[in-house]
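S.K.: Next comes the sequence, and after it the predicted model I'd like to discuss.
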Amino acid sequence: MKVLVIGSGAREHALCRSLSLDPDVTALYCAPGNAGIGEVAELHPVDALDGGAVSALATELGVDLVVVGPEAPLVAGVADAVREKDIAVFGPSAQAARLEGSKAFAKDVMAAAGVPTARSYVCTTPDEVDAALDAFGAPYVVKDDGLAAGKGVVVTEDIEAARAHANSCERVVVEEYLDGPEVSLFAITDGDTVLPLQPAQDFKRALDGDEGPNTGGMGAYSPLPWADPKLVDEVLETVLQPTVDELRRRGTPFSGLLYAGLAITSRGVRVIEFNARFGDPETQVVLARLRTPLAGVLMAAAAGHLADLEPLRWSEESAVTVVVASHNYPGTPRTGDPITGLDEVAAQDAPHAYVLHAGTRREGDAVVSAGGRVLSVTATGKDLTQARDRAYRAVSRIRLDGAQHRTDIAAEAAQDA
Ligand code: AMP
Ligand code: GLY
């Protein structure tokens, strides 16, 4: 099977790594990719948001399957453009990707499907915003309706900050605050059958102890030793299957990766958000534990044959990933700094720990930073403690001027295990 992956982050590196280890994959391409992905896949430059360019590249390469990684191309209809060329594609249509592209649309689908989520109001004027903030009280939760790369949500005790965020957006969803731990659960679906993966937890705040601003994600781990073993079945039944059924009923079936961001509240599981693609950095730890070769799973979803697939096989091991970010992330990150120590990780920590590249590019013989989140250092071990130790040992070998990372990824869960 010849596979083309669209995207350039650590998620795409994790996807490409797993696909490169799959004996059924005879050729692997990534567009546009990054310095690390170039070591496992052949890179091609492309504007990932341009459906015409992506489908032309897929045709030219003669691939059997296109995997679209990030949300922006999905929302822009890149999967539709590939499907129109009769090439199998893993990733939802633009219509179905609105589940991530519009928070208001997601709320509407959840209401219709009876999926438990935070009560909310969609607001477009300052008066509506004030009324909604008043109705729920502090802490205030204000979400930009559109795509905002994980940075469109403000959770604050400060009503002025809540108002200011609302006023900076065209349309917002103001919702009730959900307490309790968060879980990310991914499911692969062909629009009908839903196959949940293993749950993971990510760390959205920039600093240790969940302090600092929200980011795209600073680390993740899986499995969750503290979670109820029945959680996955419950979420399949109350969240994932009803949502997939509702989108099919509307004539816009969702095929691809459905990501449920959940809060485990004292009153039960609630959906915080849906995403229409693999999450980053959770993908890095979930795929580290998946034993079933990946290409066949993604192809079964793309071709609508998921019901025929054997049950997925999982490693008993734990996985931890730690994101190394550039100076000043999540503000305007500094880029162009050289990264060293990558060879030391490859020589001393592999195969238990490895580096997945996000914002990197090659400059001659050097690898330099090219984005906010630069690398995702992933490790496996017999338990979370061992996986953490291995991940942080590898992180300590990497040198990037001004870089930052959290030191407490999976620390609490490892202690409880
Ligand atoms: P989202 O982009 O919707 O995932 O939101 C980003 C982060 O904001 C989530 O991971 C939560 O930590 C937080 N958040 C979002 N919605 C709520 C809510 N209703 N209650 C509490 N925290 C929330
Ligand atoms: N891990 C959060 C996200 O991918 O949106």
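M.R.: That came through fine. Ligands and ions are numbered 1, 2, ... in the order given.

S.K.: all helices for the stretch 251-400 of the chain, in order.
M.R.: 282-289, 294-303, 342-348, 384-397 (DSSP state H, counting those that start in this stretch).

S.K.: where does the stretch 151-300 of the chain dip in pLDDT?
M.R.: Scanning the stretch 151-300 of the chain for pLDDT under 70 picks out the ranges 151.

S.K.: Up against ligand 1, what does it have?
M.R.: The stretch 151-300 of the chain comes close to ligand 1 at residues 153, 155, 175, 177-178, 182, 204, 214, 261, 272-273, as judged by CB under 6 Å from any ligand atom. No exception for glycine: its C-beta is placed from N, CA and C like everyone else's.

S.K.: hmm, try it at 8 Å
M.R.: Selection of the stretch 151-300 of the chain residues close to ligand 1 by CB under 8 Å from any ligand atom yields 152-153, 155, 175-179, 182, 202, 204, 214, 261, 263, 270, 272-273, 275.

S.K.: Could you look over the helices of the stretch 251-400 of the chain and pick the most buried one?
M.R.: Between those, helix 282-289 has the highest mean count of neighbours, a mean of 28, where neighbours are mean count of other CB atoms under 10 Å.

S.K.: how about the strands in the stretch 301-417 of the chain?
M.R.: For the stretch 301-417 of the chain, the strands identified by DSSP state E, counting those that start in this stretch occupy 318-325, 338-340, 353-357, 360-363, 366-369, 373-381, 399-400, in order along the chain.

S.K.: Reformat those strands as a markdown table; add distance to Tyr392 and mean neighbour count.
M.R.: Rendered in a markdown table, the data for the strands of the stretch 301-417 of the chain read as follows (distance: least, CB to CB, whole Å; neighbours: other CB atoms under 10 Å):
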| stretch | distance to Tyr392 | mean neighbour count |
| --- | --- | --- |
| strand 318-325 | 7 | 29 |
| strand 338-340 | 17 | 16 |
| strand 353-357 | 9 | 27 |
| strand 360-363 | 20 | 18 |
| strand 366-369 | 20 | 20 |
| strand 373-381 | 8 | 28 |
| strand 399-400 | 15 | 18 |
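
S.K.: Up against ligand 2, what does the stretch 151-300 of the chain have?
M.R.: Where proximity means CB under 8 Å from any ligand atom, the interface of the stretch 151-300 of the chain facing ligand 2 comprises 184, 202, 204, 216-217, 220, 259, 261, 273, 275, 277-283.

S.K.: one step back: dump the helices of the stretch 251-400 of the chain to JSON lines, plus distance to Glu71.
M.R.: As requested, the helices of the stretch 251-400 of the chain are arranged in JSON lines below (distance: least, CB to CB, whole Å):
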{"stretch": "helix 282-289", "distance to Glu71": "13"}
{"stretch": "helix 294-303", "distance to Glu71": "17"}
{"stretch": "helix 342-348", "distance to Glu71": "28"}
{"stretch": "helix 384-397", "distance to Glu71": "26"}
